[in-house]
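> Sequence plus predicted model, see below.
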Amino acid sequence: MRAGVGCEMINSKVEGALNDQIRKEFYSSYLYLSMAAQFESMNLKGFAHWMQVQANEETKHAMKIYGHVNERGGKVILQQIDAPPFSWKSAKEMFLEAYRHEQKVTESINKIVELARAEKDNASEIFLQWFVNEQVEEESSTNEITQKLQLLGDNAPALIMLDAELGKRQKP
Ligand SMILES: [Fe+2]
Ligand SMILES: [Fe+2]
């Protein structure tokens, strides 16, 4: 929807940064789907399920931003999404990468919050608060699973148990 007369249009710098963030969220989805596929090939169905739910969630993040840009009278311009890695040595390696990736996403969100503040785009600043909270959850969940994987080491039965636990993740 185009913003009508009297509505504050999205700031153009913020619009650009949000368009780039849409790309990053789709890349996150791609990355986690690639990890899901790797878990499938390792026959760790619970881990694969967890990553697939995560990949879907990332698509929703991208679409949330898509909605905001449109609602504010901006224009969504989709960008090229890089191919994610497709091979990892272990579950631990994947979750560590997911955790580090989410730390980078948090940094990126924080930068856009600062930009929105500097440009006095209040609506975008408030919109982004949801993402600030979401990133706390994303970092904490990927870090927690990484820690568990570090603890269990080469213990196969413990890995199978964690696989069963992660398989219970609810689809939002
Ligand atoms: Fe995200
Ligand atoms: Fe989340």
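Structure's in. What do you need? Predicted model, so just to flag it, every value in this text is computed and none were measured. Residues are numbered from 1 along each chain as shown. Ligands and ions are numbered 1, 2, ... in the order given.

> Now the residue most central in space within the chain: closest residue in space that isn't a chain neighbour?
Nearest residue to the geometric centre of the chain (C-alpha atoms, centre = their mean): Glu58, 4.4 Å. Spatial nearest neighbour of Glu58, excluding adjacent residues (C-beta to C-beta, 6 or more residues apart in numbering): Ser29 at 3.6 Å. In this view, the C-beta of every residue, glycine as well, is placed from N, C-alpha and C.

> Now for the one you found: which residues touch it?
Ala55, Asn56, Glu58, Thr59, Ala62 (C-beta atoms under 8 Å, 6 or more residues apart in numbering).

> Now the residue of the chain found nearest ligand 1: which helix or strand?
Closest residue of the chain to ligand 1, C-beta to the ion: His61 (3.7 Å). According to DSSP states H and E, His61 maps onto helix 45-71.

> now that helix, how far from the centre of its chain.
Relative to its chain's centre, helix 45-71 lies at 7 Å (C-alpha atoms, centre = their mean, to the nearest Å).

> Mean confidence (pLDDT) on the helix or strand that comes right after that helix, please.
Once the chain leaves helix 45-71, the next helix or strand it forms, by DSSP H and E, is helix 91-118. Per-residue pLDDT over helix 91-118 has a mean of 98.
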